[in-house]
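Visitor: can you look at this prediction? I've put the sequence above it.
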Amino acid sequence: MQPLRYTIRMTHFTPLSALAGGALIGLSATMFWFLNGRVAGISGVFGDVVLGRAEARAPKGAFVAGMLVAAVLVGMLVPASFGASPRSIFTLGIAGLFVGVGTRMGNGCTSGHGVCGISRFSLRSIVATMTFMLVAGLTVLVVDHVWRIS
């Protein structure tokens, strides 16, 4: 077994765009809460659009459509915002499947627990966020440095 080798990756640290993005995420979660009386957990919102009751589909569908339209607009206005993925489409598909299963098992996702739950000081959300951040870090370590999957 080879020893772990760490490489330094160059990043494009952009604190202003990160701050703006975080503010917009917070604003959208707040607006969703005030307009619907529910937490804006994206996995739950998307699940309700696909599998939910008919009366829940319209407002939640508008929320999902707004996210998609915003991504398309940003892609058209600032094409450099979306770079090529360092992973294959197969790997991304498997990762997405694991994320979907994990959000069902954890009764929520990063937006539900990490953004909305922590801001409400929910102990369950704090524990969930710590758990999936730890697992995400370990996954990157194993995939990038042990298995070397690309």
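Guide: Structure received. Numbering: from 1, shown residues only.
Visitor: find the centremost residue of this structure, please.
Guide: T110 (5.6 Å; C-alpha atoms, centre = their mean).
Visitor: I'd say that residue and M130 touch.
Guide: No: with contact defined as C-beta atoms under 8 Å, T110 does not reach M130; the gap is 11.9 Å. The C-beta positions use only the backbone N, C-alpha and C, and glycine is treated the same way.
Visitor: CA atoms of the helix with the most length in the chain as PDB?
Guide: Longest among the helix segments of the chain by residue count, using DSSP state H, is helix 54-77. Extracted in PDB, the C-alpha atoms of helix 54-77 (Å, rounded to 0.1, in the frame of the first residue of the first chain):
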ATOM      1  CA  ALA A  54     -51.100  18.000  -5.900                       C
ATOM      2  CA  GLU A  55     -51.700  21.000  -3.700                       C
ATOM      3  CA  ALA A  56     -48.100  21.000  -2.600                       C
ATOM      4  CA  ARG A  57     -46.700  20.800  -6.100                       C
ATOM      5  CA  ALA A  58     -47.400  24.400  -7.300                       C
ATOM      6  CA  PRO A  59     -45.500  26.400  -4.700                       C
ATOM      7  CA  LYS A  60     -42.700  23.900  -4.400                       C
ATOM      8  CA  GLY A  61     -42.500  23.500  -8.100                       C
ATOM      9  CA  ALA A  62     -42.100  27.200  -8.500                       C
ATOM     10  CA  PHE A  63     -39.300  27.100  -5.900                       C
ATOM     11  CA  VAL A  64     -37.500  24.300  -7.900                       C
ATOM     12  CA  ALA A  65     -38.100  26.100 -11.200                       C
ATOM     13  CA  GLY A  66     -36.700  29.300  -9.700                       C
ATOM     14  CA  MET A  67     -33.500  27.400  -8.800                       C
ATOM     15  CA  LEU A  68     -33.200  26.000 -12.300                       C
ATOM     16  CA  VAL A  69     -33.900  29.300 -14.000                       C
ATOM     17  CA  ALA A  70     -31.300  31.000 -11.700                       C
ATOM     18  CA  ALA A  71     -28.700  28.400 -12.600                       C
ATOM     19  CA  VAL A  72     -29.400  28.900 -16.300                       C
ATOM     20  CA  LEU A  73     -29.200  32.700 -16.100                       C
ATOM     21  CA  VAL A  74     -26.000  32.600 -14.200                       C
ATOM     22  CA  GLY A  75     -24.600  30.100 -16.700                       C
ATOM     23  CA  MET A  76     -25.500  32.500 -19.500                       C
ATOM     24  CA  LEU A  77     -24.400  35.700 -17.800                       C
END
